[in-house]
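>>> Have a look at this prediction, sequence included:
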Number of protein chains: 2
Amino acid sequence: MPYKISIIGAGNVAWHLAKALDAAGHTLFEVYSRNPNHAAQLAQPYRAFAVNEVRLLKDDIDILLVCVSDDGIKEVAEQLKHRKFLIAHTGGAVDMNVLEGTSAYYGVFYPLQTLSAGKPVNFFDVPLCIEGNNKAAEMQLKALADTISNNVQYITTEQRRYLHLAAVFANNFSNAMYVSAAKILEAQGLDFKLLRPLIKETAEKIQALSTQTAQTGPAKRHDTTTLQKHLDLLPNGSDEEKIYKLLSEIISGRY
Amino acid sequence: MPYKISIIGAGNVAWHLAKALDAAGHTLFEVYSRNPNHAAQLAQPYRAFAVNEVRLLKDDIDILLVCVSDDGIKEVAEQLKHRKFLIAHTGGAVDMNVLEGTSAYYGVFYPLQTLSAGKPVNFFDVPLCIEGNNKAAEMQLKALADTISNNVQYITTEQRRYLHLAAVFANNFSNAMYVSAAKILEAQGLDFKLLRPLIKETAEKIQALSTQTAQTGPAKRHDTTTLQKHLDLLPNGSDEEKIYKLLSEIISGRY
């Protein structure tokens, strides 16, 4: 069943969701963003309306998705009182309850994926974590989620806290390792491209193997000669030396 | 031009190289491993001979690949004196010179990839880093490498030290982040599978974007509320708390 949906926010999450929802046959009705140009840009390809104020969002819709930054969700919630439609936010680290009082039906619609502007993702593979304040909210969120993802999960606010934390390790911190690797190579005039197949395969392995089985390297082997050789290459007190020492100690301790 | 090749070692690198070399039309002639069963197992599908001692490896071959652990390369080199064929080792963290005296032609043939038993990789995408002690050695290594990879690179011993170090960050340390994420989820009874699409996409993004551009997360945004929420979830003094503190500080400092 196609829904009539409005979106608050015009960032990466809003951009990717609008695309997936439109492709699934839903109607994007109105878009609000603090920045009117961003709202207009997101609305335009879907022939939706750009709205100037949260308070002006019309009531004859089925679902409102609040796709703004974690801090912004509270601010938006304060401007939405006793609405007639289902309201869900997409924040990973924000409790469902922040939406209390905005509607009789509210919840969370959290796509567990890293979304960047202009980098399309296959939404059907993205785990969509949903939570509703009551059964009716939950059922409608599930019905909506099923139209754009094959991987819909009921996740409580409490579970989502840990899921979001784990996602920081899996994504933000892994990417920080890539940044360090790039810094090491660039200082030697070596091309980061050399590491791309390795990075891809590292993530591929984990699709089938357990994380513990997939671990390799000198720290796991307790190969102190190589560990020392590596430390000798890193400038004293550099970020990379700190990371190398801490992670080698932790990996060694795991095996 | 197909070569006649013998291999020392029967671990993951030997296993993957033997497969790629055979597929490219080369002849695997003899295999030596400290463990005779492993040598026999690797040799058998290619109708190669398993050999009991390094000294017994025959001289009528073109190339000998030393695919043993970093520490093992030196040990093997001591048993190879004045041979008639090109000898190359596959170690990422070992100098080319360790092979001095084994032959007039020696070098390095280092596949920059994480290789696990039973997990096939497309060798044509693997960067093969080669180095030779003279022009003839280098040319033969290049000719060999070109038959199994589309990504052959001349890398000096000095460059390879940094490349190997960067690979530890890109692979070993990224995987350590996956292990931490898995630990956090398992403690909550959540399935690690939830994170697999995120991990895949994190590595995919870096195939096109720069590492700095691809960085996201609360530390980059200096979102101290979320950083504190996350720290509150991590047990005091745990490995994950140490990693979280150090990496958030480093990521914040980068932006």
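Arrived safely, thanks for sending.

>>> Please, where are all the helices along the stretch 51-200 of chain A?
Secondary structure of the stretch 51-200 of chain A, counting by DSSP state H, counting those that start in this stretch: helices at A:70-77, A:135-148, A:157-167, A:174-187, A:196-205.

>>> the inter-axis angle of the last one versus helix B:196-205?
Relative orientation of helix A:196-205 with respect to helix B:196-205: 170 degrees, computed using axes from the mean of the first three to the mean of the last three C-alpha atoms, to 10 degrees.

>>> mind listing what's buried in helix A:196-205?
Within helix A:196-205, the residues scored as buried using 16 or more other C-beta atoms under 10 Å in any protein chain shown are A:Arg196, A:Pro197, A:Leu198, A:Ile199, A:Lys200, A:Glu201, A:Thr202, A:Ala203, A:Glu204, A:Lys205. Backbone N, C-alpha and C define where each C-beta goes, glycine included.

>>> Pull the most distant pair out of those.
Longest distance between any two of the buried residues of helix A:196-205 is 15.2 Å, between A:Arg196 and A:Lys205; criterion C-beta to C-beta.

>>> still on that earlier bit, turn the helices of the stretch 51-200 of chain A into a markdown table, columns for mean pLDDT and distance to B:Lys74.
Formatted as a markdown table, these follow (pLDDT from 0 to 100; distance: least, C-beta to C-beta, whole Å):
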| stretch | mean pLDDT | distance to B:Lys74 |
| --- | --- | --- |
| helix A:70-77 | 92 | 54 |
| helix A:135-148 | 98 | 57 |
| helix A:157-167 | 96 | 41 |
| helix A:174-187 | 98 | 26 |
| helix A:196-205 | 96 | 25 |
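
>>> Retrieve the pLDDT associated with the closest residue to A:Thr114 other than its chain neighbours.
Using C-beta to C-beta, 6 or more residues apart in numbering or on different chains and skipping residues adjacent in sequence, the residue nearest A:Thr114 is A:Asn171, 5.1 Å away. On pLDDT, A:Asn171 comes in at 97.

>>> Longest helix in chain A, by number of residues?
Ranked by residue count under DSSP state H, the longest helix found in chain A is helix A:239-254.

>>> what comes up buried for that helix?
Judged by neighbour count using 16+ other C-beta under 10 Å, the buried positions of helix A:239-254 are A:Asp239, A:Glu240, A:Ile243, A:Tyr244, A:Leu246, A:Leu247, A:Ser248, A:Ile250, A:Ile251, A:Ser252.

>>> Now do that helix: distance to the chain's middle.
Its chain's C-alpha centre and that of helix A:239-254 lie 27 Å apart, by C-alpha atoms, centre = their mean, to the nearest Å.

>>> likewise stretch A:33-53?
22 Å.

>>> any idea of the mean pLDDT in it?
Average pLDDT, stretch A:33-53: 96.

>>> Also stretch A:80-87?
96.

>>> quick one: buried residues of that stretch?
For stretch A:80-87, a neighbour-count test (16+ other C-beta under 10 Å) marks A:Leu80, A:Arg83, A:Phe85, A:Leu86, A:Ile87 as buried.

>>> residues near A:Gln44, how many?
11 (other C-beta atoms under 10 Å in any protein chain shown).

>>> returning to what we had before: who's in contact with the longest helix of chain A?
Outside helix A:239-254, the residues that touch it by C-beta atoms under 8 Å, 6 or more residues apart in numbering or on different chains are A:177, A:180, A:183-184, A:212, A:215, A:217-220, A:222, A:227, A:230-231, A:234-235, B:168-169, B:172-173, B:176, B:179, B:239, B:242-243, B:246-247, B:250, B:253.

>>> Dump the buried residues of stretch A:80-87 to TSV, plus distance to chain B.
Listed next are those as TSV, based on distance: C-beta to the nearest C-beta, whole Å:
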residue	distance to chain B
A:Leu80	21
A:Arg83	26
A:Phe85	28
A:Leu86	24
A:Ile87	22
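
>>> Among these, give me the pair with the biggest separation.
Spatially, the most separated pair among those is A:Leu80 and A:Leu86, at 11.8 Å (C-beta to C-beta).

>>> Now the common contact residues for the two.
A:Leu64, A:Ser103.

>>> For the helices of the stretch 51-200 of chain A, please prepare TSV with the additional fields distance to chain B.
Listed next are those as TSV, based on distance: least, C-beta to the nearest C-beta, whole Å:
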stretch	distance to chain B
helix A:70-77	6
helix A:135-148	14
helix A:157-167	4
helix A:174-187	4
helix A:196-205	3
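
>>> Point me to the residue of the stretch 51-200 of chain A nearest chain B.
The minimum distance from the stretch 51-200 of chain A to chain B, using C-beta to the nearest C-beta, falls at A:Asn172 (3.3 Å).

>>> Hmm, B:Thr211 and that residue touching each other?
No. If you go by C-beta atoms under 8 Å, A:Asn172 and B:Thr211 don't touch, sitting 11.9 Å apart.

>>> Now for the nearest residue to A:Glu53 once chain neighbours are set aside, how many residues are close by?
Excluding the flanking residues, the one nearest A:Glu53 by C-beta to C-beta, 6+ apart is A:Tyr32, at 7.3 Å. Residue neighbour count, defined by other C-beta under 10 Å, stands at 29 for A:Tyr32.

>>> Look up which residues are beta-bridged to A:Tyr32.
On the basis of DSSP bridges, A:Tyr32 is bridged to A:Ile8, A:Val51.

>>> Look up how far chain B lies from it.
A:Tyr32 sits 22 Å away from chain B, going by C-beta to the nearest C-beta, to the nearest Å.

>>> does that residue really touch A:Val51, like I thought?
Yes. Judged on C-beta under 8 Å, A:Tyr32 makes contact with A:Val51 at a distance of 4.6 Å.
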